[in-house]
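Asker: mind folding the following:
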Amino acid sequence: MSVSGVSGSTQNPLLQTLLDSMPSLQSGNSSTSTSTGGSSASYLLSLGSQQAEGAVIGYNQLGKLINQAEDTLAGVGQTSTLTTAGGFQASTSYAVDVQQLAAAQSVSSGSYPDADKTVVGTGTLTIETGSLSTNGQTLTASGTPVTVTITDGTLNGIASAINNAKAGVTASVVQGSDGSYQLVVTGSNTGAANAFSLSGVTGLTYDPTGASSSALTLTQAAQDAHYTVNGAAQTSATNTNAAIAPGVVSTLSALGPTTVAVPFGQQRAVASAQNLTSSFNSLLSSISQLTGSGGALSADPSVAFSLAQALSSVTTMTFSGGKTLASIGITAQSDGTLAIDQATLQAAYAADPNGTNAAISGATAAIRQNLASLTGPSGTIEQETRALVTVMCQGSSSLDALLPSSDTSNASSMLSALGSNSSTSSTSSLADYLLALSNSSNASSDPLLSALGSGTGQ
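Answerer: Predicted coordinates for the structure are as follows:
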């Protein structure tokens, strides 16, 4: 096929592949005349030219994402319980020395004779959480300050108002050995980044940058845990799930030296779980973007939606040995993505290495099976792409399908620009997308070109 104004020597070869494929696709090839992905020709025609172009690009992007996920998942779940020559499971030991445990900031009031009669203060209390600088002179807020209206100014009333505000701190009333009562306010989270200040009510103020002028007294500063692992310094905002090594966490419970023993193979299992969840989450996120408002597949989302549903079903499956992903610490979040509780996964592996590996392998195999049905020459994505291009060409010229406008007077300049590897159009079109593909190092494996090639027998 030749196009006026574009010489064979300058014609972009990738664009020419599409141009050459159009007559063949239009000729009524039985393998491409209808969609095998569930979209009828009449439905595809109803999308309109711009939406059809977008859908072709969207399917191509989805195909690339699936290929990337396949590459990542190919080696996942191949772990097995490894043993020494003597038949005993090998392990790795880490020497851990804890110099400081993580702690939450805590402040206390003076002593009062009762908890429900004496009025300590009323008004609007402002609570601000954040990170205190190392010199103790600046509190950098981590969020919007929370204001609490205190009408019952007794210790019990103040504690109740603070707790109902859910402002990143908790309050309690404690009784001393002498029978007197104090208000204690403690940060909800440990770690140096979780300091807080209280202001606005006389008798309830605390400023970590000016403790001496505060009404409340600091009893514990917000601090991270400090420890070494095989001599290397580490910090953690919490004492639980403190990182020891890649795929290894531990609970820091006391100062001084200790040993953390890890079954050999656990770190490999954790790495497989992380690859599984990252691929899963990336696919879901991409599907959401492609099918959301303005997404390339927003007008034709059925295939992507079906993939999302198939992926989600994996989270409820029971695998060999009776385990689910949740039972080994891989759980679905409110948005459908997966998250790993490292401590639960580690405990699951320690108790049952084979069963944990089986769950990871089983979930990976189920996901890959769902992906396989969409890719390749007979896969849904390629069939949908070929069907879209076929319908776009029915009753139109190849240029109508390629260009954002049906005005062919612009065809020569547009195709000349494409042939010289420069784009002069501000409108994103299928032609623009093909030009971008031509500059890609992996163009030869592009799903769109694969679909077009198979449509022409190439």
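
Asker: got the buried residues for the host helix or strand of Ala348?
Answerer: Per DSSP states H and E: Ala348 is located in helix 342-351. Within helix 342-351, the residues that count as buried by 16 or more other Cβ atoms under 10 Å are 342, 344-346, 348-349. C-beta here means a position set from N, CA and C on the backbone, and glycine is covered the same way.

Asker: likewise stretch 313-331?
Answerer: By 16+ other Cβ under 10 Å, the buried positions in stretch 313-331 come out as 314-315, 319, 323-325, 327-331.

Asker: give me the contact list for it.
Answerer: The contact list for stretch 313-331, computed with Cβ atoms under 8 Å, 6 or more residues apart in numbering, reads 273, 276-277, 280, 332, 338-349, 352, 354-356, 358-363, 366-367, 370.

Asker: also stretch 338-357?
Answerer: Here stretch 338-357 makes contact (Cβ under 8 Å, 6+ apart) with 77, 79-81, 89, 240-241, 247-249, 251, 263, 265-266, 269-270, 272-274, 276-277, 280-281, 315, 320-323, 325, 327-333.

Asker: in stretch 283-302, what's buried?
Answerer: Buried-residue list, stretch 283-302, by 16+ other Cβ under 10 Å: 283-284, 286-287, 289-291, 295-301.

Asker: among those residues, which one lies nearest to Ser106?
Answerer: Ser106 has its nearest neighbour among the buried residues of stretch 283-302 in Leu284, at 40.3 Å by Cβ to Cβ.

Asker: which stretches in the stretch 1-150 of the chain count as strands?
Answerer: Using DSSP state E, counting those that start in this stretch, the strands of the stretch 1-150 of the chain run over 91-100, 106-108, 123-132, 139-141, 146-150.

Asker: can you say which of the ones you listed is packed in most?
Answerer: Greatest average neighbour count among the strands of the stretch 1-150 of the chain goes to strand 106-108 (a mean of 21), per mean count of other Cβ atoms under 10 Å.

Asker: who does that one pair up with?
Answerer: Neighbouring strands of strand 106-108 in its sheet, by DSSP bridges, are strand 181-187 (antiparallel), strand 217-220 (antiparallel).

Asker: please produce a markdown table containing these, extended by mean neighbour count, distance to Ala69 and mean pLDDT.
Answerer: Output for these, formatted as a markdown table (neighbours: other Cβ atoms under 10 Å; distance: least, Cβ to Cβ, whole Å; pLDDT from 0 to 100):
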| stretch | mean neighbour count | distance to Ala69 | mean pLDDT |
| --- | --- | --- | --- |
| strand 181-187 | 21 | 40 | 97 |
| strand 217-220 | 14 | 46 | 96 |
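
Asker: make a markdown table out of those and add distance to Val148.
Answerer: Formatted as a markdown table, the strands paired with strand 106-108 follow (distance: least, Cβ to Cβ, whole Å):
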| stretch | distance to Val148 |
| --- | --- |
| strand 181-187 | 11 |
| strand 217-220 | 20 |
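
Asker: which stretch among those comes nearest Gly168?
Answerer: Among these, strand 181-187 sits nearest to Gly168 (Cβ to Cβ), with 6.7 Å.

Asker: send the alpha carbons of the closest one over as PDB?
Answerer: Below are the C-alpha coordinates for strand 181-187, written out as PDB (Å, rounded to 0.1, in the frame of the first residue of the first chain):
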ATOM      1  CA  TYR A 181      -5.300  11.100  90.600                       C
ATOM      2  CA  GLN A 182      -3.300  12.200  87.500                       C
ATOM      3  CA  LEU A 183      -4.200  12.600  83.800                       C
ATOM      4  CA  VAL A 184      -1.800  10.700  81.500                       C
ATOM      5  CA  VAL A 185      -1.700  11.500  77.800                       C
ATOM      6  CA  THR A 186       0.300   9.000  75.600                       C
ATOM      7  CA  GLY A 187       1.000   8.900  71.800                       C
END
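
Asker: who touches that strand?
Answerer: Residues from elsewhere that reach strand 181-187, judged by Cβ under 8 Å, 6+ apart: 104-115, 120, 129, 155, 158-159, 162, 168-176, 194-196, 198, 204, 206, 216, 219-220, 222.
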